[in-house]
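J.: Next come a sequence and a model predicted from it.
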Amino acid sequence: MSQNLCSHDRCFRIVSWNVTGLSDSDKCRIVRELFSDAKPNIVCIQESKLTDFLLFKAQTFLPRHLSSSLTSVNAVGTHGGLITAWDPTLFTLTSHSSNQFCLSTSLSCNASNYDFTITNVYGPFDHSLTTQFLQCLRVTRMAIQGAWILLGDFNLVCQPTDKQWHHQLCPG
């Protein structure tokens, strides 16, 4: 998903993607090419499945202008993993925090001093944890001041037919 954020006559492109794993070098190359084509200023990745994330690994799947400024949450086993990366010529990190399901990154726009927080979410695949996940979202929201962007893979459906509709759009 790609979205534009506009502030003080300046627009920024944000791309959010559940990549379902970045351990394979061929997949990393494909992800990097797609990100390069999209020309994002901020990238939010869900389900990286990386348990020991290192900066040199970021260079295999992020465009050069995004591979040095990022925050991350390691996967637990083969599940989860969050990465938020940004263009350091446009944004400065002011703070970041994480919990089991969320990675919140607070940025300040270098050109306008516009501050905002982007929360990258990977909800539990185990629906018995949904209540705990929603509580984490409530706690996260209470801790954020000012403009807030919430995005990611929530792994939530309102009813079983919602999931069936998704599979019709995205076969496989």
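T.: Ah, there it is. Residues are numbered from 1 along each chain as shown.
J.: all helices of this structure, in order?
T.: Applying DSSP state H to the chain gives helices spanning 25-38, 55-61, 130-143, 160-169.
J.: Highest mean neighbour count out of these?
T.: Of all the helices of the chain, helix 55-61 carries the top mean neighbour count, a mean of 16, counting by mean count of other C-beta atoms under 10 Å. In this view, the C-beta of every residue, glycine as well, is placed from N, C-alpha and C.
J.: Which elements pack onto it?
T.: For helix 55-61, the elements it packs on are helix 25-38, judged by 3 or more C-beta pairs under 8 Å, 6 or more residues apart in numbering; DSSP states H and E.
J.: Would you single out the least confident of the helices of the chain?
T.: Note on the helices of the chain: helix 160-169 shows the lowest mean pLDDT, a mean of 57.
J.: Next one: Q159 from L137, what distance?
T.: 20 Å (C-beta to C-beta, to the nearest Å).
J.: residue contacts, the residue positioned nearest the centre of the chain?
T.: When the chain is reduced to its mean C-alpha position, the nearest residue by C-alpha atoms, centre = their mean turns out to be C44, at 2.5 Å. C44 makes contacts with I14, V15, S16, W17, L82, I83, T84, I118, N120, L151, G152, as judged by C-beta atoms under 8 Å, 6 or more residues apart in numbering.
J.: For it, give its distance to T89.
T.: Remark: distance between C44 and T89 (C-beta to C-beta) = 19 Å.
J.: just the strands in the chain please.
T.: Across the chain, reading from the start of the chain, the strands by DSSP state E fall at 2-7, 10-18, 42-46, 70-73, 82-86, 91-98, 102-109, 115-122, 147-153.
J.: got TSV for these, with mean pLDDT too?
T.: TSV is the format used below for these (pLDDT from 0 to 100):
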stretch	mean pLDDT
strand 2-7	54
strand 10-18	91
strand 42-46	98
strand 70-73	95
strand 82-86	98
strand 91-98	97
strand 102-109	97
strand 115-122	97
strand 147-153	96
